[in-house]
Structures are given as C-alpha cells and as structure tokens.
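Participant: Test case, fold it:
(chains A and B)
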Amino acid sequence: MKYIKYILVGFIFGIVLTKAEAVSWYRIYEMFQFQSFHMYGIIMTAIAVGVIGVQIIKKQQLKDIEGKPIEIQDKEKGSARYWIGGVLFGLGWAMVGACPGPIFIMLGAGFISVGLILIGAVLGTFLYGVLKDKLPH
Amino acid sequence: MEFITHTWHWSVAGFLIAAIMLTLNYFGKVFGMSSNLRSLCSMTGVGKKVPFFDWDWKSQRWNLAVVLGAMLGGYVAVHFLSDASNVALNPKTIEQLAAMGIDAPNGKLLPDALFGNQIFESPKMILILLGGGLLIGFGSRYAGGCTSGHAIAGMSNLQIPSLKAVIGFFVGGLIMAHFILPLLF
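Facilitator: Purely as a prediction, here's the structure:
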C-alpha cells in the first residue's frame, strides 16, 4: 500500500509527458532541428520552477512526509563521465526519440516496438556495469 | 474536455514536471528514471557476477512503482485522452521527414516508419531501435542520469555536473539529428 502514492505520481507523470508530446519521436526530432520552441519551453519551465522549488526547500529547511529534513544530494564531481556519457546518451535520444521515462510510458501505451529500445537500454546499462572500472570518470 | 485532449501547452507541462520532481523530494526521494534500468538489471541476480549491480535495489522499488504508474498514465493518455489535432509539427519538419520517407504524424505520437509492427520484419529497423536503446542505457548510466535526473532534477539544484551532462545530451542529439539520421533513412 505504501507504493500507491508513487504509482499515482507516475500516473500523472505518464499523462503529462504524453499530453505534452514529450514522448513523441516527432517532437524530439523537431527540437533538434530548432523548428519548434515547444520542447525547449517544457524543459526551461520545468527547470525554472524546479530551481525556485529547490531554493524554497533549502531556505525554509522543509521537512519530508516523514518529518525528516529534505536533503537533495549534490552530484559527484567529475568531467569525463558527464561529457562522454552525455554525448552517448544524446546520440541515442535523438536516434529513437525517447529517453528512459518515455520508453516506459510508450511501452505502457501499447507500442510493442518500443520494447526493443527497452531491451537495448537494459543491455546498455549492463554493458556499463561490466566496463565501469575501465572507463574514465 | 478539449483542454485535456488537445496538446498541452509547454508552460503547463513544464510546471507539472517540476511539481512531480518536488513531490518526490517531499516523499524523501529523488526524481530520476534511468536508475530503474539498473534495478531491472539487478533483479536478474547478475549482481553476483558484476559488482555494479550488487546494490540495494529493493530500496528503489518506489521508483519501479513510479514506472508502473507512468506506464498506466501513458495507456490512459493515448487511448482515452488523444485527439486528431495532436502533434501539430512545424510544416517544414513534416517536409523534411517526407524527404526521408518518414510518415507525417496526423495525430500519432510515433511514426509508423520507425515504430509500426512491420519493423519487426526489417533487421535494419530492429538494429536501429536496439542500438538507440543501447546508447541510451549505456550513456545515461555512464553520465549518472538522464533527462529527468540531470536536465530537470540536477539543473534545478544548480549542479555543474548536470550542466555538463545536459550540454553533452544536446551535442550528441544534434550530431545524430543532423548528420547520422539522414544517413540511416
């Protein structure tokens, strides 16, 4: 039962990304061709609202649902992993027009072929786990 | 109902995505979709052989619940909240796609040329989808996050590593969209 609230958050996430068409291969293609502001608007609005929200959480030292102070950890320092990993991710994102959230959302919507992307993504994650110690981070 | 079935305005969607991230913060969690791929690997028991997958993935079951919800949300949105007016692209984009042999949306979220069930008969298309997925899985774990974990959550927390990753996302995306996709189609 403790998972119900997470399913609900995910449910809204799935509807928002679908209705904003952020799950659409077309919208990703259009974004990378600079032929629409739509996707940029979504990302920039989310960041702007997110920055304000996170600042409020930190300044007001807000507590979470269990009464513990909300801690948002900093990302690990580093460069190579972010640049190289980022570029590889971007190549895949534009190739099949989906990032991890939308992969699951479109699979749930019934697009069986998206299952191939998911299989690839799980294999890619596995491959990283195997090669991790040999890669620059 | 039109305001639901029509394409949602970017400002509404952006606001709601941030609200979702902040709600997860309120639940004491962090927004990030790609770590679920690591959990899926770990569930197979491969952690016995590969240390990266030997971690407490059960503590991340809440995130798998988010995924389950997202799949249900996608089902409901596509089957009950869609409209023929959806995915109204820039006419120039549609022209470019036609030149590559990719069908126009006409309300569809995904092109048949890439995602119709006939692609299962095309080794080339199967390899494109698997290969794209491979890059997404490998790249997001290498970079420690994807569009949700870095572009939304990391940037909202003003993280320089996330900025590097997001610049990487766009460099990779632009290379693919402008130089590689035209070779593939």
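Participant: Leaving out the residues flanking it, which one is nearest to the spatially most central residue of chain B?
Facilitator: Centre of chain B computed as the mean C-alpha position; nearest residue by C-alpha atoms, centre = their mean is residue B:147, 7.4 Å away. Closest residue to residue B:147 apart from its sequence neighbours, by C-beta to C-beta, 6 or more residues apart in numbering or on different chains: residue A:99 at 4.3 Å. The way it works is simple: take the backbone N, C-alpha and C, and place the C-beta from them, glycine included.
Participant: ok, the residue nearest to the centre of chain B - contacts?
Facilitator: Residue B:147 makes contacts with A:43, A:93, A:99, A:100, A:101, B:33, B:169, as judged by C-beta atoms under 8 Å, 6 or more residues apart in numbering or on different chains.
Participant: Quickly note the distance from the fourth one to residue B:114.
Facilitator: This points to residue A:100. 18 Å (C-beta to C-beta, to the nearest Å).
Participant: So for the two, which residue has more residues nearby?
Facilitator: Comparing residue A:100 with residue B:114 by neighbour count (other C-beta atoms under 10 Å in any protein chain shown), the higher total belongs to residue A:100, at 29 against 20.
Participant: those helices in the chain, which residues are they?
Facilitator: You didn't say which chain, so I picked chain A. Applying DSSP state H to chain A gives helices spanning A:4-19, A:25-32, A:38-59, A:80-96, A:100-108, A:114-131.
Participant: nope, chain B please
Facilitator: Along chain B, the stretches classed as helices by DSSP H are B:2-5, B:10-26, B:35-43, B:61-80, B:91-99, B:112-115, B:123-143, B:155-156, B:160-175, B:181-184.
Participant: just checking, what packs against the longest one?
Facilitator: Same thing as helix B:123-143. Here helix B:123-143 touches helix A:80-96, helix A:100-108, helix A:114-131, helix B:35-43, helix B:112-115, helix B:160-175, going by 3 or more C-beta pairs under 8 Å, 6 or more residues apart in numbering or on different chains; DSSP states H and E.
Participant: what comes up buried for that helix?
Facilitator: Along helix B:123-143, these residues count as buried under the neighbour rule (16 or more other C-beta atoms under 10 Å in any protein chain shown): B:125, B:128-143.
Participant: returning to what we had before: export the helices of chain A to TSV and tack on distance to residue A:68 and mean pLDDT?
Facilitator: Below are the helices of chain A laid out as TSV (distance: least, C-beta to C-beta, whole Å; pLDDT from 0 to 100):
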stretch	distance to residue A:68	mean pLDDT
helix A:4-19	16	98
helix A:25-32	38	97
helix A:38-59	12	98
helix A:80-96	29	98
helix A:100-108	27	98
helix A:114-131	30	98
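Participant: which one of those helices lies closest to residue B:64?
Facilitator: helix A:4-19 (8.5 Å; C-beta to C-beta).
Participant: mind checking how far the closest one is from the chain centre?
Facilitator: Between the centre of helix A:4-19 and the centre of its host chain there is 13 Å, according to C-alpha atoms, centre = their mean, to the nearest Å.
Participant: What angle do helix B:61-80 and it make with each other?
Facilitator: With axes from the mean of the first three to the mean of the last three C-alpha atoms, to 10 degrees defining the directions, helix A:4-19 sits at 40 degrees from helix B:61-80.
Participant: Quick check: buried residues in helix A:4-19?
Facilitator: Going by neighbour count (16+ other C-beta under 10 Å), the buried part of helix A:4-19 is A:5-19.
Participant: That helix versus helix A:100-108: what angle between them?
Facilitator: Interaxial angle of helix A:4-19 relative to helix A:100-108 (the same axes, to 10 degrees): 90 degrees.
Participant: Residue B:106 contacts residue B:84, correct?
Facilitator: Yes - the criterion here is C-beta atoms under 8 Å, and residue B:106 meets it with residue B:84 at 7.1 Å.
Participant: Let me see the contact set for the closest residue to residue B:66 other than its chain neighbours.
Facilitator: Counting by C-beta to C-beta, 6+ apart, residue A:10 is the residue found nearest to residue B:66 once chain neighbours are left out, at 3.8 Å. Residue A:10 is in contact with B:65, B:66, B:67, B:68, B:69, B:70, B:71, B:72, B:73, counting by C-beta under 8 Å, 6+ apart.
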